[in-house]
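A.B. asks: below: sequence and its predicted model.
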There are 2 protein chains.
Amino acid sequence: MEKLEKYRLIIRQILTNHATLEANNSDSEIEGQLIFDTENDHYQLLDIGWDGLKRVYDCFIHLDIKDGRIWIQRNMTEAPSLSLGNSR
Amino acid sequence: MEKLEKYRLIIRQILTNHATLEANNSDSEIEGQLIFDTENDHYQLLDIGWDGLKRVYDCFIHLDIKDGRIWIQRNMTEAPSLSLGNSR
């Protein structure tokens, strides 16, 4: 498999796994939204929704592929307050 | 033109215009990154980069198309501190 295709596949798997984990561990009104811009190689997992009357909008992970490398633009996987799986 | 296609075109135009405006009004290390997930209809403009030693990661606009309607998930176009065009 070509390197870039392998990167794309791995990134999509990691983010999808995280989203599934969030969905299984949460009964809240907060959605784990996956955004895959496959044309420009931007990959995100966002937490969007409502915590009671409080609006929630947080980027949980954001990975890009640029010049053949993976760029970690955002990584909150170890921040307990943003992880639905850990905080509830 | 089908309604959904028209929505997609308009959203992409608005976000691209904002990104171009930011790029023209800024000589900073902050990139206006467009993310278009055309398969799932998620559309974003992010500010990503560095302001000196400070990491910048902000969602400027995020629009979705869901059930035939446009959802405004995030709109910071009128928040001066996030708009590169206004703050510099």
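C.D. replies: All right, it came through fine.
A.B. asks: only C-alpha atoms from now on, for both contacts and neighbour counts.
C.D. replies: Will do.
A.B. asks: so how far is chain B from the residue positioned nearest the centre of chain A?
C.D. replies: Centroid-nearest residue in chain A: residue A:45, 2.1 Å away (criterion: Cα atoms, centre = their mean). Residue A:45 is 12 Å from chain B, where distance means Cα to the nearest Cα, to the nearest Å.
A.B. asks: identify the bridge partners of that residue.
C.D. replies: residue A:34, residue A:61 (DSSP bridges).
A.B. asks: in contact with it, which residues?
C.D. replies: When contacts are counted by Cα atoms under 8 Å, 6 or more residues apart in numbering or on different chains, residue A:45 touches A:15, A:19, A:32-35, A:59-62.
A.B. asks: so where does residue A:8 fall, helix or strand?
C.D. replies: Secondary structure from DSSP states H and E places residue A:8 in helix A:3-24.
A.B. asks: count of neighbours near residue A:13?
C.D. replies: Using other Cα atoms under 10 Å in any protein chain shown, residue A:13 has 12 other residues around it.
A.B. asks: so, low pLDDT: which residues of chain A?
C.D. replies: A:1, A:80-88 (pLDDT under 70).
A.B. asks: nearest to chain B: which residue in it?
C.D. replies: The nearest approach of chain A to chain B comes at residue A:37, 4.5 Å away (Cα to the nearest Cα).
A.B. asks: which residue, other than its chain neighbours, is closest to that residue?
C.D. replies: residue B:37 (4.5 Å; Cα to Cα, 6 or more residues apart in numbering or on different chains).
A.B. asks: the one you found reaches residue A:33, doesn't it?
C.D. replies: No - with contact defined as Cα atoms under 8 Å, residue B:37 does not reach residue A:33; the gap is 11.4 Å.
A.B. asks: state the distance from residue A:44 to residue A:36.
C.D. replies: 6 Å (Cα to Cα, to the nearest Å).
A.B. asks: pick out whichever of the two has more residues nearby.
C.D. replies: Between residue A:44 and residue A:36, counted using other Cα under 10 Å, residue A:36 has the larger neighbour count: 27 against 24.
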